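Quick one: sequence plus predicted model below, questions after.
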Amino acid sequence: PLAGGPPLGLFDLLPYAPARLELAPGDAIFLYTDGVPEATDNTEADFTDERLAATLAANTQQPCVNLLEEVYRQVVGFTKGAP
């Protein structure tokens, strides 16, 4: 199950509802900024949430440091030096 709502800190006076999410053994939380899925290549195409989710899904058995390195590699490879 996914928990969601507005991004934290986006609006000063926005009321946030508390939520609870229980993690089972083997579950993980991956926190990231909008800069990851919104990273663009030279044609201004976005990396996308779907591409990030696929990268995470393909690396679920990796230690955290390897997972972070792979996400970084995927984003840098996708953007190919675009600003």
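Cool, the structure landed.

Tell me which residue is most central in this protein.
residue 32 (4.5 Å; Cα atoms, centre = their mean).

which intervals of this structure have sub-threshold pLDDT?
1-3 (pLDDT under 70).

Check what contacts the longest helix seen in it and list those residues.
For the chain, the helix with the greatest residue count under DSSP state H is helix 64-79. With Cβ atoms under 8 Å, 6 or more residues apart in numbering as the test, helix 64-79 has contacts from 30, 32, 36, 39-41, 47, 51-52, 55-56, 59, 62. Where you see a C-beta, it was placed from the backbone N, CA and C, and this is true even at glycine.

Check stretch 31-51 too.
Stretch 31-51 is contacted by residues 7, 52, 71, 74-75, 78-82 when judged by Cβ under 8 Å, 6+ apart.

what about the residue sitting furthest away from the middle of the chain, distance to residue 64?
No residue in the chain sits farther from the centre than residue 13, which is 25.2 Å out by Cα atoms, centre = their mean. Distance, residue 13 to residue 64, by Cβ to Cβ, to the nearest Å: 35 Å.

The closest residue to residue 14 other than its chain neighbours: neighbouring residues, count only.
Setting aside the residues directly before and after it, residue 14 is nearest to residue 6 in space (Cβ to Cβ, 6 or more residues apart in numbering), at 5.9 Å. Each residue near residue 6 was counted by other Cβ atoms under 10 Å, and the total is 11.

now residue 46
As a measure of burial, residue 46 has 14 neighbours, counting by other Cβ under 10 Å.

swap in the one 5 residues further on?
In terms of burial, residue 51 registers 18 neighbours under the definition other Cβ under 10 Å.

Kindly report the same for the one 5 residues further on.
Residue 56: 17 surrounding residues under other Cβ under 10 Å.

for the one 10 residues further on, same thing?
By other Cβ under 10 Å, the residues close to residue 66 number 11.

How about the one 10 residues further on?
Residue 76 sits with 11 neighbouring residues when counted by other Cβ under 10 Å.

and the contacts of helix 64-79, which are buried?
36, 39, 47, 51-52, 55-56, 59 (16 or more other Cβ atoms under 10 Å).
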